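>>> Got a predicted structure here, sequence first:
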Amino acid sequence: MLAAYTGKTEAVSELVELGANLEATDAQGNTALMLAANFGHTASVRALVQAGADIEATNNNGDTALMRAAFYGMTEAVRALVQAGANIEATAINGSTALILAAYNGHTEAVTQAITDGKQALIDQFQAVRDKRKAIVFGRLGLKEHLPAAARVGVGARPARAGAGAGAGARVGAATRLQQVPPLSFKQIIMAQKYISEQ
């Protein structure tokens, strides 16, 4: 928790690898993710989210990590949390949302922009992953012509067989290539679809 509080991302990652409890809390109920967000340690925020920290966990006041970042105007952390699928409409015990908390400290404009940027980044990430997966499947099925022109580049191309020349890599199957596409969390998928429907 101290590593997240001070923004020591390497230490955070090492502790995660050693099995640290990501949901441990301090006396106020703050998790490591909340502390990292609270002090604007965006790299630590990303590391904790990637490790599986609960993005919607709440402290004793009902604040989430997004609310803590918004309250203190930590816009990069806000953007990262929204891109990770944080619920921007969640409310604390007193009914405050992230934007209401941002307004308390005069950060409304900056946090609103950070939320907008985070939403767009999530949409872009969702669409890129979807298009990559579609390109792999369509290429494997020989349906390249059904993809938009921009998505056809490299579709159907496969690495050379092992031994086919100096530096030639082993042939990689479609299933393996699908596994290599960076995954999105269920939360990210749901929120991305929501934001797309609102456009």
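On my side now, so go ahead.
>>> Mind checking what helix or strand follows the helix or strand bottoming out on mean pLDDT in the chain in sequence?
Within the chain, no helix or strand scores below helix 174-180, which has a mean of 61 by mean pLDDT, DSSP states H and E. Next in sequence after helix 174-180, counting helices and strands by DSSP states H and E, comes helix 186-198.
>>> Summarise which helices and strands that following helix is packed against.
helix 108-140 (3 or more Cβ pairs under 8 Å, 6 or more residues apart in numbering; DSSP states H and E). Every residue, glycine included, has its C-beta placed from N, CA and C.
>>> do that again at 10 Å, thanks
helix 75-83, helix 108-140 (3 or more Cβ pairs under 10 Å, 6 or more residues apart in numbering; DSSP states H and E).
>>> mean confidence score for stretch 128-136?
Averaging pLDDT along stretch 128-136 gives 83.
>>> for it, which positions count as buried?
Val129, Lys132, Lys134, Ala135, Ile136 (16 or more other Cβ atoms under 10 Å).
>>> where's the most centrally placed residue in the chain relative to Val78, distance?
Nearest residue to the geometric centre of the chain (Cα atoms, centre = their mean): Ala84, 2.7 Å. Note on Ala84: its distance to Val78, by Cβ to Cβ, to the nearest Å, is 11 Å.
>>> list residues touching both of the two?
Val45, Ala65, Leu66, Gly118 (Cβ atoms under 10 Å, 6 or more residues apart in numbering).
>>> Reformat these as CSV; add distance to Asp124 and pLDDT.
As requested, these are exported to CSV (distance: Cβ to Cβ, whole Å; pLDDT from 0 to 100):
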residue, distance to Asp124, pLDDT
Val45, 19, 96
Ala65, 22, 98
Leu66, 19, 98
Gly118, 11, 97
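>>> and the residues you listed as TSV, adding neighbour count, secondary structure and distance to Leu22?
Output for those, formatted as TSV (neighbours: other Cβ atoms under 10 Å; DSSP: H, G, I helix; E, B strand; the rest coil; distance: Cβ to Cβ, whole Å):
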residue	neighbour count	secondary structure	distance to Leu22
Val45	35	helix	12
Ala65	33	helix	12
Leu66	31	helix	16
Gly118	26	helix	21
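>>> how about those residues in CSV, adding distance to Ala98?
Output for the shared contacts of Ala84 and Val78, formatted as CSV (distance: Cβ to Cβ, whole Å):
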residue, distance to Ala98
Val45, 14
Ala65, 10
Leu66, 5
Gly118, 11
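>>> just to revisit the earlier point, which pLDDT value does the model give the residue nearest to the centre of the chain?
Reported pLDDT for Ala84: 97.
>>> now the residue nearest to it when sequence neighbours are not counted: how far from Glu109?
Leaving aside its chain neighbours, Ala84 sits nearest to Val49 (4.6 Å; criterion: Cβ to Cβ, 6 or more residues apart in numbering). From Val49 over to Glu109 the distance is 25 Å, taken as Cβ to Cβ.
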